[in-house]
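> Please work out how this folds:
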Amino acid sequence: MWGIEKATGFDNQYKRFVKKHENEASAAMSNLETYLAVLQETGNTQIANQQPFVHSEPEGMVAIDQRGAKKDTDKKTGTLKVTRLYVYAAVIHQTVYLLGIGDKDSQKQDIETCRKKARQIKRRNA
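Alright, predicted model coming up:
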């Protein structure tokens, strides 16, 4: 049975992100639920990583985006801001670690921060 753990600092980062981008955060979390359902059903991270909203990242991480969510009709553009929810799936422990969340503007820094967290998790689980 796959479970979820939050990396250090995830809750604070998520709260800040939700204040500015509630719909995007909701969409990414909905896609996370789908990702977890695929893992539960198949037990195979490769199949889960083939979902259309999943992007490969360094250190074995993946980024789950906001795609597939309903558009925000209150905004003039009617589109959601590009969002990435960074996760690391540890197969041996059947745990998906929530590392961070951000938008396109913070992507480079988010990836670097999450890479460090993924490395720490790998060392701890080795």
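> Let's verify the most centrally placed residue in the chain: helix, strand, or coil?
For the chain, the residue lying nearest the average C-alpha position, counting by C-alpha atoms, centre = their mean, turns out to be Leu85 (2.6 Å). Of the three states, Leu85 takes strand according to DSSP: H, G, I helix; E, B strand; the rest coil.
> ok, it to Ala126 distance?
25 Å (C-beta to C-beta, to the nearest Å). Yep, even glycine has a C-beta here, placed from its N, CA and C like the rest.
> before we move on, back to that, next one: the residue nearest to the centre of the chain, what pLDDT does it get?
pLDDT, Leu85: 98.
> same deal with Asp74?
Reported pLDDT for Asp74: 51.
> And the one 5 residues further on, by the same measure?
Thr79 is assigned 82 on the pLDDT scale.
> cool, and Gly68?
80.
> mind listing what it touches?
For Gly68, the contacting residues are Ala27, Ser30, Asn31, Pro52, Phe53, by C-beta atoms under 8 Å, 6 or more residues apart in numbering.
> let's see 10 Å
Applying C-beta atoms under 10 Å, 6 or more residues apart in numbering, we find Gly68 in contact with Ala27, Ser30, Asn31, Thr34, Gln51, Pro52, Phe53.
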